[in-house]
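K.L.:
Turn this into a model:
(one chain, ligands or ions: 1)
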Amino acid sequence: AYLQKPGYHLIEMTDWPESDFNLGQVSGLALDSNNNLVIFHRGDHKWGANTFSNEHMYQQKHLGPIQQDTILLVDPVKGSLLHSTGKNLFFMPHGITTDKNDNYWVTDVALHQVFKIGNSGDRDFQVVLGEAFQPGSDKYHFCQPTDVAIDPFSGNVFVSDGYCNSRILKFSPEGKFITQWGAGSSDARRPLQFNIPHSLAFVPDQGELCVADRQNGRIQCFVAESGEFVKEIKNDEFGGEVFAVSYAPEHGGLIYAVNGESEYGKLAPIQGFVMNYSTGVILDTFRPDTKDFQMPHDLVVARDGTVFVGDATTDQVLKFASSEKAEHRSV
Ligand SMILES: O=C(N[C@@H](O)C(=O)O)c1ccccc1
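P.N.:
Numbers count the residues shown, from 1 in each chain. Model (predicted):
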């Protein structure tokens, strides 16, 4: 019940991490079944204005795949490196999640593909969806897919597709197409319209899937089984763009989000939000202690309530804990 107590507030743990991970652009974060932190980053590859053609074709194949390990497993308390993998596999990492066997499911916006890989990083992908470097919008092609979420009960796989397709697809655990929903538009009033579905969060206690509808500056939630629209969560404090969303079942259900700088300029401070899932009411906002967020790109919430945020411009992962907990720490 720490949330209801006055004085609850997430503050940055400025002494975390203890190690320097030499991160590139941090695109995705996940947690494994031990609540270890998984970081998906781009090494020396950067997504800039000329990285893709107007037809969404990746322009830097000649650079080859990223030579650094792109998937890091990190101790959430100390911030020490436990394991790293994923070198020579990816060109432009984006989203990452884990399934109940701690396999990694990732998206690569340059490859326009989704992969399931074992956490030992063995090169043999267990599932590959999409055609390498080939954007498309049928059941077998994506266009800059942004994230993956797994239903822990059925093992079904959800893909947010993406920068240039504006839809959600659902696959079986083995990667067999089941269904899809959504359409593209910047019409921020109508349900099922997306303008960059950018991040996914599965809500296990409701059997729902929430989507950060980035350029529409809102979160849309759906029945995971059918894709039926359930609700929209939108707050003026989002300022026009919502980059990432994460869910925690504690305290009746909390949904977390980070916003982004709107294309119309900085309409609101860039920060994290803690919201009551059923009402959408903001319970807390949080931002770094000293340096501002630049492009908070993904976030995850650990079982103990600590929050990790990956920033794709400062190339950092920041850790936040409730001030009460932090006070215990400082004693
Ligand atoms: O949004 C962009 N990138 C981030 O989301 C990301 O790096 O994933 C982007 C869009 C156009 C050009 C360059 C970058």
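K.L.:
just the strands in the stretch 101-250 of the chain please.
P.N.:
Ranges of strands in the stretch 101-250 of the chain, per DSSP state E, counting those that start in this stretch, are 104-108, 113-117, 127-129, 145-150, 157-161, 167-171, 177-181, 183-184, 193-194, 197-203, 208-213, 218-223, 229-233, 242-248.
K.L.:
packing partners for the fourth one?
P.N.:
To tie it back to what came earlier, the one meant is strand 145-150. Taking 3 or more Cβ pairs under 8 Å, 6 or more residues apart in numbering; DSSP states H and E as contact, the helices and strands that strand 145-150 lies on are strand 93-98, strand 104-108, strand 113-117, strand 157-161, strand 197-203. C-beta: built from backbone N, CA, C; applies to glycine.
K.L.:
For the ligand, what's its nearest residue on the stretch 1-150 of the chain.
P.N.:
Minimum separation of the stretch 1-150 of the chain from the ligand (Cβ to the nearest ligand atom) falls at Trp47, amounting to 3.9 Å.
K.L.:
Restricting to C-alpha, output stretch 31-50 in PDB.
P.N.:
In PDB, the C-alpha atoms belonging to stretch 31-50 read as follows (Å, rounded to 0.1, in the frame of the first residue of the first chain):
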ATOM      1  CA  LEU A  31      12.800  -8.500 -17.100                       C
ATOM      2  CA  ASP A  32      13.500 -12.200 -16.900                       C
ATOM      3  CA  SER A  33      11.800 -14.700 -14.500                       C
ATOM      4  CA  ASN A  34      14.300 -13.800 -11.800                       C
ATOM      5  CA  ASN A  35      13.500 -10.100 -12.300                       C
ATOM      6  CA  ASN A  36      17.000  -9.500 -13.800                       C
ATOM      7  CA  LEU A  37      17.100  -6.600 -16.200                       C
ATOM      8  CA  VAL A  38      17.500  -7.300 -19.900                       C
ATOM      9  CA  ILE A  39      18.900  -4.400 -22.000                       C
ATOM     10  CA  PHE A  40      18.500  -4.300 -25.800                       C
ATOM     11  CA  HIS A  41      20.800  -1.700 -27.400                       C
ATOM     12  CA  ARG A  42      22.300  -0.700 -30.700                       C
ATOM     13  CA  GLY A  43      26.100  -0.700 -30.100                       C
ATOM     14  CA  ASP A  44      27.600   1.600 -32.700                       C
ATOM     15  CA  HIS A  45      24.500   1.700 -34.900                       C
ATOM     16  CA  LYS A  46      22.300   4.800 -34.700                       C
ATOM     17  CA  TRP A  47      18.900   5.400 -36.100                       C
ATOM     18  CA  GLY A  48      19.200   8.800 -37.800                       C
ATOM     19  CA  ALA A  49      17.300  10.800 -40.400                       C
ATOM     20  CA  ASN A  50      18.900   8.900 -43.400                       C
END
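K.L.:
buried set for that stretch?
P.N.:
Leu31, Asp32, Asn36, Leu37, Val38, Ile39, Phe40, His41, Arg42, Gly43, His45, Trp47 (16 or more other Cβ atoms under 10 Å).
K.L.:
I'd say the fourth one and Val309 touch.
P.N.:
Spelled out, it's Leu37. No - taking contacts as Cβ atoms under 8 Å, Leu37 lies outside contact range of Val309: 11.1 Å.
K.L.:
Enumerate every residue touching the closest residue to the ligand within the stretch 201-331 of the chain.
P.N.:
Closest to the ligand within the stretch 201-331 of the chain is Ala312: 4.6 Å, counting by Cβ to the nearest ligand atom. Applying Cβ atoms under 8 Å, 6 or more residues apart in numbering to Ala312 gives the contacts Gln25, Val26, Ser27, Trp47, Met295, His297.
K.L.:
got the contact list for the residue most central in space within the chain?
P.N.:
Nearest residue to the geometric centre of the chain (Cα atoms, centre = their mean): Asp298, 4.1 Å. Contacts here follow Cβ under 8 Å, 6+ apart; on that basis Asp298 touches Val26, Ser27, Gly28, Leu29, Gly95, Ser199, Phe243, Ala244, Val258, Val309, Gly310.
K.L.:
at 10 Å instead, please
P.N.:
26-30, 39-40, 94-96, 146-147, 198-199, 212, 243-246, 258, 308-312, 317 (Cβ atoms under 10 Å, 6 or more residues apart in numbering).
K.L.:
Need the pLDDT of Gln4.
P.N.:
If you check Gln4, the pLDDT there is 49.
K.L.:
again with the one 4 residues further on
P.N.:
Looking at Tyr8, its pLDDT is 75.
K.L.:
For the residue of the stretch 201-331 of the chain closest to the ligand, give me the pLDDT.
P.N.:
98.
K.L.:
try the one 10 residues further on
P.N.:
The score at Ser322 is 92. That number is its pLDDT.
K.L.:
Test my guess that it contacts Val301.
P.N.:
No - Ser322 is beyond contact range of Val301, at 11.4 Å (criterion: Cβ atoms under 10 Å).
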